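Undergrad: Here is my input, please return the structure:
(one chain, ligands or ions: 1)
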Amino acid sequence: MRTLWKTAPAPRTEVGVDPAAAEEFIAQFHAENPQAGPAAPRIAAVRRHIDLTGTYWHTPEELAFGARVAWRNNARCIGRLYWRSLQVRDLRTVGDAAGVAGHCVEHLRAAHNGGKIRPVISIFPPQAPSRPAPRIWNEQLIRYAGYDLPGGQILGDPRNRDLTREVIDRGWRPPAVRGAFDVLPLVVETADEGPRMFLLPDDAVHEVPLEHPELPWFAELGLKWHAVPVISNNRLDIGGVSYPAAPFNGWYMGTEIGARNLADTDRYDLVPTVAERMGLDTSSDATLWRDRVLVELNRAVLHSFRRHDTTITDHHTESRRFLTHVEREEQAGRRCPADWSWIVPPMSGSQTPVFHRYYDGDELKPNFFAGSTECPW
Ligand code: ARG
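TA: Below you'll find the predicted structure:
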């Protein structure tokens, strides 16, 4: 990987871990893992560490359990049935920007796994009172540039317009011919080095070109999407310890791409384009041309991922699996927080069983918290 740019260090902050949060987590770890023995001696040791240093160090078992439970507690995720299978990469001693970027590339490879996508999390150093943790600026490891065009239009993904401007300002050189799917460099910020940019090697970025099972012209639109969504700007909180850089992935549900990324009017906004190619009557909303396009876009996404032997799931299957998960959690005597507005798929909601009920709305920890850069540490 090539380094592109470097700047001054980030400011340091002094905040200690809340001992009550630590104790609650350690107690939970021992309650759910009886083979780990009694909680009391470990709680006493953790309290001593917090008194002395302001923080404590999770055992590898606590770390893996904490990461899996953070997934289990994440109210927005419909894919939680497999929370136990999360593969945890303990990278807490990797503190330099190049090391973080290199392991992010390894993460992409391990997660893609030849198309049989594995849920993986890479956990970089925690925030400590004496040492700010590394952070990743990109919201996902793979994001497409959104370029401002004269006239206010945007080429690419408008969602990443600010990051695109920022990295260009900092010296990233876009491809000679700019496209709608140019992968942005990774920006890793550490206290010692400031923000630094790294290009992702092509062979770590797997993409699926989109075609439709019946509409031959669909492939000519030149659409594609990346195979693995690795969220990289969430803060992982385990027992009061913050891990601001802890990128994690599952696999895609088709609607994320077909009904949102490619279809939202503030994203790729492709519904009118596809409607025209389909020859639909767009003169009135009441012809439901938007709905008809959404179905074909989503068929194209699911069909193309399958043809490329890349794991993907549809919203009907995933909704059923989620209710199985909710049932299992109930049987285990646990609460399962879920946010209806995130769980119900963005198309055909009422055709999926998750639509027809309500969920526990409380927030549980460990958990992931959005936008690590906004957190008040
Ligand atoms: N919705 C986001 C995207 O389209 C990805 C969020 C995580 N999704 C997942 N299936 N794990 O890129």
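Undergrad: Thought Glu207 was touching Ser304, still the case?
TA: No. If you go by C-beta atoms under 8 Å, Ser304 and Glu207 don't touch, sitting 10.3 Å apart. To be clear about C-beta, it is placed using only N, CA and C from the backbone, and glycine gets the same treatment.
Undergrad: Comparing the two, which shows the higher neighbour count?
TA: Using other C-beta atoms under 10 Å, the more surrounded residue of Ser304 and Glu207 is Ser304, with 25 against 17.
Undergrad: Could you check how far the more buried one is from the ligand?
TA: 15 Å (C-beta to the nearest ligand atom, to the nearest Å).
Undergrad: residue contacts, that residue?
TA: Residues in contact with Ser304, defined by C-beta atoms under 8 Å, 6 or more residues apart in numbering, are Val208, Pro209, Leu210, Glu211.
Undergrad: what's the helix or strand for it?
TA: helix 289-307 (DSSP states H and E).
Undergrad: With Leu323 instead?
TA: In the assignment (DSSP H and E), Leu323 maps to helix 315-331.
Undergrad: Quick one: distance of that helix to the chain centre.
TA: When distances are taken as C-alpha atoms, centre = their mean, to the nearest Å, helix 315-331 is centred 21 Å away from the chain's centroid.
Undergrad: I'd like the next helix or strand past it.
TA: Toward the C-terminal end, the helix or strand that comes next after helix 315-331 (DSSP H and E) is helix 340-343.
Undergrad: Could you confirm Trp225 falls within a strand?
TA: Yes. The assignment for Trp225 (DSSP: H, G, I helix; E, B strand; the rest coil) places it in a strand.
Undergrad: shouldn't it be in contact with Val205?
TA: No. Shown here, Trp225 and Val205 do not form a contact pair, counting by C-beta under 8 Å, at 11.3 Å.
Undergrad: anything in contact with each of the two?
TA: If you check Trp225 and Val205 against C-beta under 8 Å, 6+ apart, no residue is contacted by both.
Undergrad: Could you pull up the mean pLDDT of stretch 110-119?
TA: Mean per-residue pLDDT for stretch 110-119: 98.
Undergrad: ditto for stretch 88-106
TA: On average, stretch 88-106 scores 98.
Undergrad: who touches it?
TA: Outside stretch 88-106, the residues that touch it by C-beta under 8 Å, 6+ apart are 1, 3, 57, 60, 63-64, 67-68, 107, 110, 120-126, 131, 134, 136, 141, 186, 188-190, 192-193, 196, 198, 200-201, 204, 230, 232, 245, 247.
Undergrad: Sort out for me which of these are in strands.
TA: Among the contacts of stretch 88-106, the members found in strands (DSSP state E) are Val120, Ile121, Ser122, Ile123, Ile136, Leu186, Val188, Glu189, Thr190, Arg196, Phe198, Val230.
Undergrad: Would you mind putting those residues into TSV with neighbour count and distance to the ligand alongside?
TA: Output for the ones in strands among the contacts of stretch 88-106, formatted as TSV (neighbours: other C-beta atoms under 10 Å; distance: C-beta to the nearest ligand atom, whole Å):
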residue	neighbour count	distance to the ligand
Val120	24	11
Ile121	27	11
Ser122	28	15
Ile123	23	17
Ile136	28	15
Leu186	25	16
Val188	27	20
Glu189	22	22
Thr190	24	25
Arg196	22	24
Phe198	21	20
Val230	24	9
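Undergrad: Would you check which pair of the residues you listed lies furthest apart?
TA: For those, the farthest-apart pair by C-beta to C-beta is Val120 and Arg196; their separation is 23.2 Å.
Undergrad: middle-most residue in this protein, spatially?
TA: The centre of the chain sits closest to Ile231, judged by C-alpha atoms, centre = their mean, with a distance of 2.2 Å.
Undergrad: that older thread, could you check whether the helix holding Leu323 is close to the ligand?
TA: No. Judged by C-beta under 6 Å from any ligand atom, helix 315-331 stays clear of the ligand, getting no closer than 9.0 Å.
Undergrad: do stretch 267-281 as well
TA: No. Using C-beta under 6 Å from any ligand atom, stretch 267-281 stays clear of the ligand, coming no nearer than 9.2 Å.
Undergrad: Now find how far off-centre that stretch is within its chain.
TA: Distance, stretch centre to chain centre, for stretch 267-281: 28 Å (C-alpha atoms, centre = their mean).
Undergrad: ok, now stretch 90-101?
TA: 19 Å.
Undergrad: what about it, how long is it end to end?
TA: Taking C-alpha to C-alpha, to the nearest Å, stretch 90-101 runs 15 Å from one end to the other.
Undergrad: Would you mark the buried spots in it?
TA: Judged by neighbour count (16 or more other C-beta atoms under 10 Å), stretch 90-101 contains these buried residues: Leu91, Arg92, Val94, Gly95, Ala97, Gly99, Val100, Ala101.
Undergrad: same deal with stretch 50-69?
TA: Within stretch 50-69, the residues that qualify as buried are Ile50, Thr55, Tyr56, His58, Glu62, Leu63, Ala64, Phe65, Gly66, Ala67, Arg68, Val69, counting by 16+ other C-beta under 10 Å.
Undergrad: Quick check: residues of the chain near the ligand?
TA: For the chain, the residues in contact with the ligand (C-beta under 6 Å from any ligand atom) are Gly79, Gln140, Pro229, Ile231, Gly250, Trp251, Tyr252, Met253, Glu256, Asn261.
Undergrad: The last one: neighbouring residues, count only.
TA: Residue neighbour count, defined by other C-beta under 10 Å, stands at 19 for Asn261.
Undergrad: Spatially nearest residue to it, not counting backbone neighbours?
TA: Spatial nearest neighbour of Asn261, chain neighbours left out: Arg267 (5.4 Å); criterion: C-beta to C-beta, 6 or more residues apart in numbering.
Undergrad: okay, now that neighbour: neighbour count?
TA: For Arg267, using other C-beta under 10 Å, the count is 15.
Undergrad: I am finished for the moment; much appreciated.
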